[in-house]
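> Quick one: sequence and predicted model below, then my questions.
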Amino acid sequence: MFARLLFALLLLVVCVGCVPVQDARPAKERAQYHYLLGMSALNEQNPTGALIEFLQAEKIDNSDHKIQDGLAQAYWLKNSHNKALEHFQRAIKLSNGDPRYYNNLGALYLTMERFDEAIGAFRLAADNILFDRPEVAWTGIGFAYVQKQDYPAAQRAYKKAMDLNPRYYMAPFRLGELYFNQDRPVEALESFTRTIELSPGFAQGYYWQGLVYMKMQDTVRAKRAFNEAVQLAPASETARLANNYLKIIQ
């Protein structure tokens, strides 16, 4: 799944009377070049290649918050959570509290199952007037409250996210999960239907819609929803689970 990462030397050595010739480009430009290669590797889901490039960028410029954020993401994907935490915190410090990095830190804390700290980090992002995606942070807050089994607080957070951005499909999706697990199928169906309206290509939305129909004993609509999930993401875990239910229905 990963495309081949392009490696380029920014320090060119030519043997002319055994005297090395260095890259004449400014340090910032060379660091940015490695940073961009690292981001390309991340987009290709190649965390090892990304880490190599970000570390090279950091050697050149250790004061760039974007490089620190890239390092954190690469370490996270390598399951090196403590190193990821270290670099997210450094990115926050170097950027004077950029809310995007607080949001990323909150997501990392979720992975680490440090839910109170996740809520704190997400709130620092959500409450920052300069953050352009507060609905993402509020959805993270809701998910953390679910893990803490504080379901009323989770519901309030998800609804806050939906109020802030009615077009953000993950907030109604998470709210639908909450309703489903509380045995509130009518409200869950409404949330999953809204999710699908906002993101018609989101296979999990159809899968969970199918689960609600199963709970309602509407096998015709359940089959239709599960088939849609399979068609949208045939090689996914969601498709495998949907196919299991289709076998039961048939």
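Thanks, I have it.

> In contact with the residue nearest the centre of the chain, which residues?
Ranked by distance to the mean C-alpha position of the chain (CA atoms, centre = their mean), the top residue is Ala107 at 7.4 Å. Ala107 makes contact with Ala118, Gly140 under the criterion CB atoms under 8 Å, 6 or more residues apart in numbering. C-beta: built from backbone N, CA, C; applies to glycine.

> Let me see the ranges of the helices in this protein.
Across the chain, reading from the start of the chain, the helices by DSSP state H fall at 27-43, 47-60, 65-77, 81-94, 99-111, 115-126, 134-147, 151-164, 170-181, 185-198, 203-215, 219-232, 237-249.

> Quick one: mean pLDDT for the fifth one?
The average pLDDT within helix 99-111 is 96.

> what angle sits between it and helix 81-94?
In this structure, helix 99-111 runs at an angle of 160 degrees to helix 81-94, with axes from the mean of the first three to the mean of the last three CA atoms, to 10 degrees as the basis.

> Any buried residues in helix 99-111, and which?
Pro99, Arg100, Tyr101, Tyr102, Asn103, Asn104, Leu105, Gly106, Ala107, Leu108, Tyr109, Leu110 (16 or more other CB atoms under 10 Å).

> Let's have these in CSV, adding distance to Arg240.
Output for these, formatted as CSV (distance: CB to CB, whole Å):
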residue, distance to Arg240
Pro99, 37
Arg100, 34
Tyr101, 35
Tyr102, 35
Asn103, 31
Asn104, 30
Leu105, 33
Gly106, 30
Ala107, 26
Leu108, 28
Tyr109, 30
Leu110, 24
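
> from the residues you listed, which single one is nearest Asp127?
Pro99 (8.4 Å; CB to CB).

> Who are the contact partners of that closest one?
Contacts for Pro99 (CB under 8 Å, 6+ apart) come out as Leu124, Ala125, Ala126, Asn128, Leu130, Phe131, Ala137.

> repeat that for 7 Å
Leu124, Ala125, Asn128, Leu130, Phe131 (CB atoms under 7 Å, 6 or more residues apart in numbering).

> Out of those residues, grab the one that's most surrounded.
Per-residue neighbour counts (other CB atoms under 10 Å) across the contacts of Pro99 peak at Ala125, which has 27 neighbours.

> What residues does that one make contact with?
With contacts defined as CB under 7 Å, 6+ apart, the neighbours of Ala125 are Pro99, Tyr102, Asn103, Gly106, Phe131, Ala137.

> Distance to Tyr151 for those residues - can I get that in CSV?
Shown next, in CSV, are those (distance: CB to CB, whole Å):
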residue, distance to Tyr151
Pro99, 27
Tyr102, 25
Asn103, 23
Gly106, 19
Phe131, 26
Ala137, 19
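
> Residue ranges in this structure under the pLDDT threshold?
Under the criterion of pLDDT under 70, the regions of the chain flagged as low confidence span 1-24.

> returning to what we had before: closest one of the contacts of Ala125 to Glu197?
Ala137 (23.1 Å).

> Next, the contact list for the closest one, please.
Asn103, Gly106, Phe122, Ala125, Ala126, Phe131.

> quick one: Arg25 and Ala41, what's the gap?
Separation of Arg25 from Ala41 (CB to CB, to the nearest Å) stands at 21 Å.

> out of these two, which sits in the more crowded spot?
Set side by side, Arg25 and Ala41 show unequal neighbour counts under other CB under 10 Å, the larger going to Ala41 at 24 against 12.

> so the more buried one touches Leu51, yeah?
No - applying CB atoms under 7 Å, one finds Ala41 not in contact with Leu51, separated by 8.3 Å.

> and for the two, which residues touch both?
Between them, Ala41 and Leu51 share no contacting residue, judged by CB under 7 Å, 6+ apart.

> Go ahead and confirm Val146 touches Ala154.
Yes - using CB under 7 Å, Val146 is in contact with Ala154, at 4.6 Å.

> how does this structure divide up, domain by domain?
Taking automatic domain parsing as the domain assignment, the record places the domains of the chain at 1-90, 97-168, 190-250.
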